[in-house]
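Engineer: Pasting the sequence and the predicted model now:
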Amino acid sequence: MKKRLLSFVLAVLMIASLLPATALAADIADSGTCGAEGDGSNLTWTLDSEGVLTISGSGDMHGYDLPGAPWYGSRSRVKSAVIAEGVTSIGGCAFYDCRSLTSVTIPDSVTRIGSFAFDNCRSLTSVTIPNGVTSIGTAAFDYCTSLTSVTIPDSVTSIDWDAFYYCTSLTDVYYAGSEAQWKAISISSNGNDDLLTANIHYNYVSHTHSYKDVVTAPTCTEKGYTTHTCACGDSYRDSYVGALGHDYVGGVCTRCGAKASDPQPGTQPCDGGAQCPGRGFSDMPGPADWSHEGIDYAVSHGLFVGTSDTTFSPASAMTRAMLVSVLWRMEGEPAHTDRNPFTDVGREWYTDGVLWAAEHDIVAGIGDGRFDPDGDVTREQIAAILCRYTLWKGRSADARADLRVFPDARDVSGWAYDSLAWANAEDLISGCMIGSISHLKPLDNATRAQVAAILMRYQQSIGA
């Protein structure tokens, strides 16, 4: 019996060896042309049943507008992309919104990466840009939120605006040239904070990474993840698992021992009397004022403290330092590394909050290594910070409102547009009535009372 079984296996192997390679390969699910020359046949593409998108031929790829390339309709099936030697450019919007794309192979023949080429590829963890590429287009890697490392050759001379916008996990840039060469690259300061504040490894020589994996389990309040670390120092995280949430029995969490939260203000109207959390402030707005409930919430939950023992200063502008300090307190004042990326942040009352927020890419500064802690925070800045905070917590920030309904939508900065659209969709930041018309006022400063109301809505609708 054993001899018959062995003979059968050998026969199968012999037959398989005689089959053409394509007979054993994954089935081709879709195909077409995508070249920029003539009828586009200078480049062809195939998408197989295993999610591998292969582009081959010679010359430039066609530059696409939204909704994107010919495989856009199958984008959810694209797991990896292999661009063959001979292709000389990656067209605009080529891989736009391919959210399942985890890896891409780019050959040395490519010299240009077009605008929005990998925009919203949220599963892409690392990219090696080959020698010969001279320019990285507008928003090329915009919203690649899982991108932790990028290798850039010394042939690159320009990186356009928003090229690495909202790459909130980006920690390491491996650059083949010297520090002086890096500083000579024309890098737009608009929307590239995540790139500019990452650790830059100069004179990097490429090698094949060999990663060791460490799994961090989720807790009640913190998401879990897997950390992959190479001996060279390259590291990235993926396989995120959401926080477990508390399991209260008798008012005490069975997992971590935390006590159940007090009932949220707002379940019973505040009359401004002895039980009012803000009663100690002489400038506390009355119970009928729109801001009263938010201030009650912020004070009772320990998010805000007064500007003095007897004043809250509800109409005063909220500073950037104040906002990140509030978020830090919302997280229970967690520990942080001592790495300080900002030249204007010393040992102050807000330092812990700023360094914690910077460590987790919740804030990225205003450029030139500055955070501007005393600067008044604008409505669009609040939206961007809260959006990054939400993504860091492992929660969705995909909702989008159509900001074009506001007459001042054009005033929204490009780097803040998606964040403000999310905040408006979540009813965190709504319009301001001017006469009978609602305006966004994205560049206006926010008051302490306004931010208290925003954070109350955030915790009540999105979660603490």
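Structural biologist: Good, I have the coordinates. Residues are numbered from 1 along each chain as shown.

Engineer: and His439, what are its phi and psi?
Structural biologist: The phi/psi pair for His439 (degrees, to the nearest 10) reads phi -120, psi 150.

Engineer: which residues touch it?
Structural biologist: 406-408, 431-433 (CB atoms under 8 Å, 6 or more residues apart in numbering). From N, CA and C alone the C-beta is placed, and that goes for glycine too.

Engineer: From the residues you listed, keep the buried residues only.
Structural biologist: 406, 408, 431 (16 or more other CB atoms under 10 Å).

Engineer: need the contact list for the first one.
Structural biologist: Pointing back at Phe406 there. Counted by CB under 8 Å, 6+ apart, Phe406 has contacts 431, 438-440.

Engineer: Which of these fall within strands?
Structural biologist: Judged by DSSP state E, those include 438-439 as members of strands.

Engineer: Identify the farthest-apart pair in the contacts of Phe406.
Structural biologist: Using CB to CB, the two most remote members of the contacts of Phe406 are Ser438 and Leu440, lying 8.0 Å apart.

Engineer: of these two, who's got more company?
Structural biologist: Leu440 (24 against 15; other CB atoms under 10 Å).

Engineer: Could you verify my assumption that the more buried one touches Thr378?
Structural biologist: No. Using CB atoms under 8 Å as the test, Leu440 is too far from Thr378 to be in contact (11.0 Å).

Engineer: Select the helix or strand of this protein having the lowest average pLDDT value.
Structural biologist: Least confident helix or strand of the chain, by mean pLDDT, DSSP states H and E, is helix 21-24 with a mean of 42.

Engineer: what's downstream of that one, the next helix or strand?
Structural biologist: strand 28-33 (DSSP states H and E).

Engineer: Now the helix or strand just after that next one: average pLDDT?
Structural biologist: Once the chain leaves strand 28-33, the next helix or strand it forms, by DSSP H and E, is strand 43-48. The average pLDDT within strand 43-48 is 94.

Engineer: With only the CA atoms kept, save strand 43-48 in CSV.
Structural biologist: Provided in CSV are the C-alpha atoms of strand 43-48 (Å, rounded to 0.1, in the frame of the first residue of the first chain):
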residue,chain,number,x,y,z
LEU,A,43,2.2,48.8,-20.5
THR,A,44,-0.1,45.9,-19.6
TRP,A,45,-1.6,44.9,-16.2
THR,A,46,-2.9,41.7,-14.7
LEU,A,47,-4.6,41.1,-11.4
ASP,A,48,-4.6,37.4,-10.3
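
Engineer: tilt between that strand and strand 28-33?
Structural biologist: Here the directions of strand 43-48 and strand 28-33 differ by 170 degrees (axes from the mean of the first three to the mean of the last three CA atoms, to 10 degrees).

Engineer: quick one on the thing from earlier: give me the common contacts of Ser438 and Leu440.
Structural biologist: In contact with both Ser438 and Leu440: 406, 431-432, using CB under 8 Å, 6+ apart.

Engineer: From Trp290, how far out is Cys276?
Structural biologist: Distance of Cys276 to Trp290, computed by CB to CB, to the nearest Å: 16 Å.

Engineer: between the two, which one's more packed in?
Structural biologist: Neighbour count, other CB under 10 Å: between Cys276 and Trp290, Cys276 has more, with 19 against 10.

Engineer: nearest residue to the more buried one other than its sequence neighbours?
Structural biologist: Spatially, and ignoring its direct neighbours in sequence, Cys276 is nearest to Cys270 (5.3 Å; CB to CB, 6 or more residues apart in numbering).

Engineer: does that neighbour really touch Gly294, like I thought?
Structural biologist: No. Shown here, Cys270 and Gly294 do not form a contact pair, counting by CB under 8 Å, at 11.1 Å.

Engineer: Comparing the two, which shows the higher neighbour count?
Structural biologist: For Cys270 versus Gly294, neighbours defined as other CB under 10 Å are more numerous around Gly294 (27 against 20).

Engineer: And what about the more buried one, helix, strand or coil?
Structural biologist: Recorded secondary structure, Gly294: helix (DSSP: H, G, I helix; E, B strand; the rest coil).
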